[in-house]
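1. Just a sequence and a predicted model for now, questions to come.
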Amino acid sequence: MTFDVAAVRRQFPILSEIIDGRPVHYLDNGASAQTPLAVIDAVRSYELTSRANVLRGVHRLAERATELYETARADVAKFLGVQPMEIVFTGGCTAAINLVAYSYGQLLKPGDRILLSELEHHSNIVPWQLLRQRSGVEIDMIPVTTDGQIDLGLLTELVTPKTRLISLAHVSNVTGALIDVRKVVEAAKSVGAKVMLDGAQRAPHGPLDLKALGIDFYVFAGHKAYGPNGVGVLWAKPELLEAMPPFHGGGSMIGRVTFAETTWAPPPRRFEAGTPPIGPAIGLGTACNWMAALDWTAAHDHEMGLVQRVLDGLQEIDGTQILGPASLQNRYPVVSFMLDGVHPHDVAQTLDSFGVAVRAGHHCAQPLMDRFDLDGTTRVSIAPYNDNSDIDALLTGVRYAAKTLR
Amino acid sequence: MSDELYQARIVALAKSRAGAGKLAAPTKSARRDNPLCGDRVTIDVKVEDGRIAGIAHQVRGCLLCQASASALASTAVGRDAAGVAELRHDAERAIGREEGKAHDPFDAFEPVANHKSRHECVLLPFEALKDALS
């Protein structure tokens, strides 16, 4: 089936922006994706017609706001193939991981082990280090292969009877590698450990069936999934949410407060202290509906066709190296590369002068940069609205950087 | 196309690699990282009677950082801490953080003024040198 990229692009007004006489070639979707009109309209409509706090007031605006907020929860749940009451809205993906590290971490004992990987984003490393400081858990790390994949061949020796949680990137934010979830779940189950996936780079590429994956926790960010900033999602199995103590204390998350004792609200409200990000959550619900309406078989083929165009084009430029899987198998549309003799920031700055937006640097994955002894990489991250012109502009810019900066 | 930022003087400064390397017997060394981008500068200094008698730098960073380290190494010898501060004022003037006209060689960094996210790339070698002199 042919993917109508022009029809998708028309839904993203920002893609028509002209900056300094050049069109925008937005290839920094891994950092923050753009937002379709449907999401902008949903947030605007809330602000214009239904703005109020949720779950507190009895007036009609509060009823409207609550209805929209809870509908958004149901929309996100449907996108993930789970139940609405298993969805916790957080301030972002980082906030969701910190919530798990704190609240699930309260259930762990000194000497329990958390298994991470060498390619994790700092937000799936540092919260566990903070937990280690607080409660004496130990952290283990799965190394990556030379082509930037988590080396699951080492799982059997790294998973121990003391392992309580394996927390890994579903898709690497640097190499684009997709993890084999089945293998991870199998290894975890063999010792009774839980599995959390950081879905920040996977969720923007189509609906999921979390129940079928057999995992225990899933997190993703709204702004990388075509939604607003300031909202993220934690999904967890209901029995885990039920067992976990609160992360933040405040309004909404309580059962009954007295100075002697306070009881907690049931999940998900137990984990949504204070006024939640109402407008952003409504926008994210709409973003999930927007994603669900796309034909992802065609969209994924389109995205991976663009990845192939990037890989082929870079190969023709002297001194480029890809950090990540060389083939399209088991990868998503994130491509990191190095240009010999030119620092990634200088590549990215040159690309900007061609209207091409990419990310350069360590991508909040310094252990991975250390593994390959790199200062950083230039990262191209693709969304369904990207087209051949974006990739061609990218390659023109890289060729120019290669010619002028080394 | 013309790229406004990477003008010939900045590229030439970076490629000159003036002062690149290590000193055999530094009085002090200091390393500074830019946590946002991962750039890393290590500066060795040899100090005699309160003045810089020798300076060398190792830069793992972008072209702007390399160019700034080269410009600094080529102008720092013979200066005391106050003299180095004068050079920093020059760099800050070039990137528009201070009023006034920058002098050679730091006036080469004037194109960086419009790129706020890159200011730290120019200033990182100064931070490392400040630590090395403290």
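-> Sure, I can see it.
2. ranges for the helices of the chain?
-> I went with chain A, as the question did not name one. For chain A, helices defined by DSSP state H occupy the ranges A:5-9, A:37-49, A:60-80, A:93-99, A:126-135, A:155-158, A:181-191, A:210-213, A:238-243, A:278-292, A:296-315, A:344-352, A:366-371, A:388-404.
3. I was after chain B.
-> According to DSSP H, chain B carries its helices in the segments B:8-16, B:63-76, B:81-94, B:119-133.
4. where does the chain have low pLDDT?
-> Answering for chain A, as no chain was given. Applying pLDDT under 70 to chain A picks out residues A:1.
5. my bad, chain B
-> In chain B, residues with pLDDT under 70: B:1-3.
6. related to what we said a few turns ago, go through the helices of chain A and name the closest to chain B.
-> Closest to chain B of the helices of chain A is helix A:344-352 (C-beta to the nearest C-beta; 4.0 Å). Any C-beta I mention is one placed from the backbone N, CA and C, and that applies to glycine too.
7. that older thread, is it possible to get JSON lines of the helices of chain B that adds mean neighbour count and distance to A:Thr377?
-> Rendered in JSON lines, the data for the helices of chain B read as follows (neighbours: other C-beta atoms under 10 Å in any protein chain shown; distance: least, C-beta to C-beta, whole Å):
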{"stretch": "helix B:8-16", "mean neighbour count": "18", "distance to A:Thr377": "20"}
{"stretch": "helix B:63-76", "mean neighbour count": "26", "distance to A:Thr377": "16"}
{"stretch": "helix B:81-94", "mean neighbour count": "18", "distance to A:Thr377": "28"}
{"stretch": "helix B:119-133", "mean neighbour count": "22", "distance to A:Thr377": "17"}
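8. Determine which of those approaches A:Ala200 most closely.
-> Among the helices of chain B, the nearest to A:Ala200 by C-beta to C-beta is helix B:119-133 (26.0 Å).
9. Residue 23: how many residues sit nearby?
-> Answering for chain A, as no chain was given. Residue crowding around A:Pro23 was assessed by other C-beta atoms under 10 Å in any protein chain shown; the count is 15.
10. my bad, chain B
-> Around B:Leu23 there are 18 other residues, counting by other C-beta under 10 Å.
11. do the same with the one 5 residues further on
-> B:Lys28 has 14 neighbours, counted by other C-beta under 10 Å.
12. Please list all residues in contact with the closest residue to it other than its chain neighbours.
-> Distances taken as C-beta to C-beta, 6 or more residues apart in numbering or on different chains put B:Ala132 closest to B:Lys28, at 4.9 Å, once the chain neighbours are dropped. Going by C-beta atoms under 8 Å, 6 or more residues apart in numbering or on different chains, B:Ala132 touches B:Lys28, B:Ser29, B:Ala30, B:Ile43, B:Asp44, B:Val45.
13. one step back: can I get the helices of chain A in JSON lines with distance to A:Val219 and mean neighbour count?
-> Below are the helices of chain A laid out as JSON lines (distance: least, C-beta to C-beta, whole Å; neighbours: other C-beta atoms under 10 Å in any protein chain shown):
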{"stretch": "helix A:5-9", "distance to A:Val219": "26", "mean neighbour count": "14"}
{"stretch": "helix A:37-49", "distance to A:Val219": "20", "mean neighbour count": "16"}
{"stretch": "helix A:60-80", "distance to A:Val219": "11", "mean neighbour count": "19"}
{"stretch": "helix A:93-99", "distance to A:Val219": "4", "mean neighbour count": "25"}
{"stretch": "helix A:126-135", "distance to A:Val219": "11", "mean neighbour count": "17"}
{"stretch": "helix A:155-158", "distance to A:Val219": "21", "mean neighbour count": "14"}
{"stretch": "helix A:181-191", "distance to A:Val219": "14", "mean neighbour count": "17"}
{"stretch": "helix A:210-213", "distance to A:Val219": "11", "mean neighbour count": "16"}
{"stretch": "helix A:238-243", "distance to A:Val219": "13", "mean neighbour count": "14"}
{"stretch": "helix A:278-292", "distance to A:Val219": "13", "mean neighbour count": "25"}
{"stretch": "helix A:296-315", "distance to A:Val219": "21", "mean neighbour count": "17"}
{"stretch": "helix A:344-352", "distance to A:Val219": "27", "mean neighbour count": "25"}
{"stretch": "helix A:366-371", "distance to A:Val219": "19", "mean neighbour count": "17"}
{"stretch": "helix A:388-404", "distance to A:Val219": "28", "mean neighbour count": "19"}
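14. got a markdown table for these, with distance to chain B too?
-> A markdown table is the format used below for those (distance: least, C-beta to the nearest C-beta, whole Å):
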| stretch | distance to chain B |
| --- | --- |
| helix A:5-9 | 24 |
| helix A:37-49 | 26 |
| helix A:60-80 | 31 |
| helix A:93-99 | 16 |
| helix A:126-135 | 12 |
| helix A:155-158 | 27 |
| helix A:181-191 | 29 |
| helix A:210-213 | 33 |
| helix A:238-243 | 34 |
| helix A:278-292 | 25 |
| helix A:296-315 | 18 |
| helix A:344-352 | 4 |
| helix A:366-371 | 7 |
| helix A:388-404 | 7 |
